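Student: sequence below, structure please.
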Amino acid sequence: MKEQVQGDTERLINENAEVQLKELFAGMIRDVYLVLFTDSTKKGPFDRAAGQILRALQKIGPKIKIEEHDLGHEHALQWNVTTTPTILFDPERFNIRWLGAPVGEEARTLIEALVIMGYGDTRLSDESQKVLRRLDASRGVKVFVSPTCPYCPQQAVNALRAAFQRPELVSLEIVDIQANPDVAARYGAQSVPQVFANEMLIAQGAQPEELFMASLEKMAQQTFFIPESDAGEIENDLVIVGGGPAGLTAGIYAARSGLKAAVIERGILGGQMATTPVIENYPGLTQVGGKALVDIMVSHALEYTSIFPGEEVMAIEPGLPAIVHTNRRRFKTKAVLLATGAVYRHLDVPGESRLAGHGISYCSTCDGPVFAGKKVIIVGGGNSAVTEALHLRNIGVDVTLVHRRDSLRAQDNLVKSLRDAEIPVLFNTEVREIRGAHEVQEVELFNTANSEISVIKLDGVFIAIGYDPAVQLAEKAGIELTGDGYIKHDDHHRTNVPGIYSAGDVEGGYKQIVIAAAKGSEAALTIFEDLTHPYWQKDE
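Tutor: Below is the predicted model of the structure:
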């Protein structure tokens with residue numbers, strides 16, 4: 001029985017994934033060497049998890065070679081290993097280490113690292129390689145991640161590719177903030193992903209590959225990337241900008257109508273849905289994790305359409321054909337669908353921008369675990385704020401809800417759950433200032449009912465006050481906006497610019513996943529009909 005329990009514990013990979021990994025690992029042309037250090041005197045949960053996942057992968061991949069040593073081993077001194085678990089990636093060739101256990105979302109990062117080493121190919125774009133070739137000084141990189149963060153693998157893989165491509169200059173530490181809270185606290189990395197190079201913060205949040213490399217070169221976060229030459233050209237019937245529920249659904253319906261479509265997403269696939277802890281109102285699913293629903297949608301969309309994740313649209317030239325410029329290539333297309341969604345709304349109070357990522361967060365799924373046992377407030381009164389407050393309480397965070405009105409706007413069932421969880425609510429209260437030297441230490445609150453000002457000590461501020469539509473591309477393309485700043489459109493999702501359409505949260509209305517998906521399908525069907533009989537052309 002003991003052996004059976006141990007076997008079940010070590011079998012962390014389901015059968016379908018194991019078959020796929022076997023096929024992937026079978027093509028490796030090089031041995032992959034990993035060295036794991038654990039502490040035999042403690043054998044904590046992170047030590048055990050790291051050992052289990054590495055042993056499980058070693059059984060699947062014949063080229064994967066694992067050494068396991070105790071922290072007291074001579075190699076720990078040789079390679080300056082002082083904490084566990086620590087994983088070294090072929091330490092005779094590379095200076096790459098992982099402080100933590102590659103579980104949860106970070107399992108994807110580990111698989112990518114094994115593939116890069118086993119195939120001997122970083123698969124970097126030509127533009128990224130050009131940037132890395134310009135490096136003329138060393139970069140000591142730290143990427144702070146969390147197993148619960150869906151954004152983190154993209155940024156961690158960017159760093160891995162740089163370290164594997166230029167091992168003589170780029171060293172890398174991937175730091176799990178849950179396994180190493182002391183390191184995270186020292187760097188003020190309470191929001192993930194964050195990237196430091198030579199002890200300087202160079203990036204917050206996930207980036208397209210080329211922007212990461214540019215940030216690494218410039219030692220500061222870059223917001224745009226201009227390729228030195230064309231990265232290629234693709235012809236499509238439809239280019240969909242945005243990989244949230246509207247964009248993914250539009251891709252499915254467009255392809256099923258016979259259109260060649262492409263979905264371009266600069267950030268995480270799924271948009272806001274990917275960072276929603278629990279979704280309870282999607283038809284057919286009583287309750288589902290946001291990331292799980294994203295995986296279902298993406299898998300479905302991939303059966304029909306091409307998806308370009310981590311690629312950012314820089315400009316759209318309307319016309320026949322329209323030209324869509326990204327940071328990697330350009331697309332020639334008959335129609336464009338803007339499903340760019342909305343971005344987190346900010347409080348715009350003193351201290352917010354300075355302390356963002358240092359105790360201020362907009363994603364409880366990504367950053368909540370580091371605040372376990374600590375005191376935070378969550379600002380907002382809608383469904384998102386209440387859902388995130390419940391999630392934080394569930395993972396052991398001392399959370400209080402702060403709302404500027406005298407009643408919550410959330411659905412009744414969520415309000416009831418909030419009361420049942422005994423989460424305090426400060427009504428008629430606004431955040432006036434967020435204070436702290438290097439990380440959040442206190443907030444100043446203003447009571448709108450009695451005009452009293454109060455200051456409370458805390459460790460973090462989570463902001464969930466809604467979203468602003470992402471309309472920058474629309475404005476550049478000459479598309480009209482509504483008075484509220486959303487894309488103006490007719491009943492068929494047509495904008496004032498022929499050939500350009502809109503769908504989802506960028507159009508305004510109710511911010512619901514099912515509504516965004518419905519708008520995406522409507523827009524795709526309209527586009528199919530319009531390409532057959534263009535509404536902007538007069539009949540002869």
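Student: what sits up against the helix or strand in which Leu77 is found?
Tutor: Element membership for Leu77, per DSSP states H and E: helix 74-78. By Cβ atoms under 8 Å, 6 or more residues apart in numbering, the surrounding residues in contact with helix 74-78 are 35, 37, 69-70, 81-82. C-beta: built from backbone N, CA, C; applies to glycine.
Student: quick check: mean pLDDT across it?
Tutor: In this model, helix 74-78 has a mean pLDDT of 95.
Student: related to what we said a few turns ago, of the contacts of helix 74-78, keep whichever come out buried.
Tutor: 35, 37, 69, 81 (16 or more other Cβ atoms under 10 Å).
Student: show me the strands in the stretch 401-540 of the chain, by range?
Tutor: 425-426, 429-435, 442-447, 453-457, 460-463, 467-469, 500-502 (DSSP state E, counting those that start in this stretch).
Student: got the angle for the second one vs strand 453-457?
Tutor: Inter-element angle recorded for strand 429-435 and strand 453-457: 60 degrees (by axes from the mean of the first three to the mean of the last three Cα atoms, to 10 degrees).
Student: just checking, what packs against strand 429-435?
Tutor: If you count contacts as 3 or more Cβ pairs under 8 Å, 6 or more residues apart in numbering; DSSP states H and E, strand 429-435 packs onto strand 398-402, strand 442-447.
Student: quick one: strands adjacent to the first one?
Tutor: Same thing as strand 398-402. Applying DSSP bridges to the sheet, strand 398-402 is found paired with strand 375-379 (parallel), strand 425-426 (parallel).
Student: adding mean pLDDT, distance to Val288 and mean neighbour count, write those out as JSON lines.
Tutor: As requested, those are exported to JSON lines (pLDDT from 0 to 100; distance: least, Cβ to Cβ, whole Å; neighbours: other Cβ atoms under 10 Å):
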{"stretch": "strand 375-379", "mean pLDDT": "98", "distance to Val288": "22", "mean neighbour count": "23"}
{"stretch": "strand 425-426", "mean pLDDT": "98", "distance to Val288": "27", "mean neighbour count": "17"}
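Student: ok, which of those comes nearest Pro277?
Tutor: strand 375-379 (12.3 Å; Cβ to Cβ).
Student: show me what the host helix or strand of Gly247 is packed up against.
Tutor: Secondary structure from DSSP H and E places Gly247 in helix 245-256. Counting contacts by 3+ Cβ pairs under 8 Å, 6+ apart, helix 245-256 is packed against strand 233-241, strand 261-265, helix 290-302, helix 513-532.
Student: which of those has the lowest average pLDDT?
Tutor: helix 290-302 has the lowest average pLDDT among the helices and strands packed on helix 245-256, namely a mean of 89.
Student: that one: what's the following helix or strand?
Tutor: Immediately after helix 290-302, counting by DSSP H and E, sits strand 306-309.
Student: alpha carbons of the helix or strand just after that next one, as CSV, please.
Tutor: As assigned by DSSP H and E, the chain's next helix or strand after strand 306-309 is strand 313-317. Extracted in CSV, the C-alpha atoms of strand 313-317 (Å, rounded to 0.1, in the frame of the first residue of the first chain):
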residue,chain,number,x,y,z
VAL,A,313,-0.3,44.8,-33.3
MET,A,314,1.4,48.1,-33.8
ALA,A,315,-0.7,49.7,-36.5
ILE,A,316,-3.6,49.0,-38.9
GLU,A,317,-3.8,50.5,-42.4
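Student: hey, what's the angle from strand 313-317 to strand 233-241? Just curious.
Tutor: 100 degrees.
Student: can you list the strands that strand 313-317 pairs with?
Tutor: With DSSP bridges as the test, strand 313-317 is paired with strand 322-326 (antiparallel).
Student: quick check, distance from the strand it pairs with to the centre of its chain.
Tutor: Relative to the mean C-alpha coordinate of its chain, strand 322-326 is positioned 24 Å out (Cα atoms, centre = their mean, to the nearest Å).
Student: what average pLDDT does it get?
Tutor: On average, strand 322-326 scores 96.
Student: what does that strand contact?
Tutor: 231, 239, 241, 264, 308, 311-317, 330-336, 499-500.
Student: related to what we said a few turns ago, TSV for the helices and strands packed on strand 429-435, including mean pLDDT and distance to Gly270?
Tutor: Below are the helices and strands packed on strand 429-435 laid out as TSV (pLDDT from 0 to 100; distance: least, Cβ to Cβ, whole Å):
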stretch	mean pLDDT	distance to Gly270
strand 398-402	98	25
strand 442-447	98	31
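Student: mean neighbour count, these: which tops it?
Tutor: strand 398-402 (a mean of 22; mean count of other Cβ atoms under 10 Å).
Student: show me the contact partners of that one.
Tutor: 373-381, 385-386, 389, 392-393, 418, 423-426, 429-431, 445, 462.
Student: how is the chain partitioned into domains?
Tutor: Structural domains assigned to the chain are 2-218, 233-343+468-532, 352-465, following automatic domain parsing.
Student: remind me which residues of the stretch 151-300 of the chain are low pLDDT?
Tutor: Scanning the stretch 151-300 of the chain for pLDDT under 70 picks out 224, 226-231.
Student: export stretch 470-488 to PDB, keeping only CA atoms.
Tutor: Extracted as PDB, the C-alpha positions of stretch 470-488 are listed here (Å, rounded to 0.1, in the frame of the first residue of the first chain):
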ATOM      1  CA  ALA A 470      -8.400  49.300 -25.100                       C
ATOM      2  CA  VAL A 471      -9.100  51.600 -28.100                       C
ATOM      3  CA  GLN A 472      -5.600  52.900 -29.000                       C
ATOM      4  CA  LEU A 473      -5.500  50.900 -32.200                       C
ATOM      5  CA  ALA A 474      -9.000  51.900 -33.100                       C
ATOM      6  CA  GLU A 475      -8.200  55.600 -32.600                       C
ATOM      7  CA  LYS A 476      -5.100  55.300 -34.800                       C
ATOM      8  CA  ALA A 477      -7.200  53.700 -37.500                       C
ATOM      9  CA  GLY A 478      -9.700  56.600 -37.500                       C
ATOM     10  CA  ILE A 479     -12.500  54.700 -35.900                       C
ATOM     11  CA  GLU A 480     -15.200  56.700 -34.100                       C
ATOM     12  CA  LEU A 481     -15.700  56.200 -30.300                       C
ATOM     13  CA  THR A 482     -18.800  56.700 -28.200                       C
ATOM     14  CA  GLY A 483     -19.000  59.300 -25.500                       C
ATOM     15  CA  ASP A 484     -17.900  56.700 -23.000                       C
ATOM     16  CA  GLY A 485     -14.800  55.900 -24.900                       C
ATOM     17  CA  TYR A 486     -15.900  52.600 -26.400                       C
ATOM     18  CA  ILE A 487     -15.800  51.700 -30.100                       C
ATOM     19  CA  LYS A 488     -18.900  53.000 -31.900                       C
END
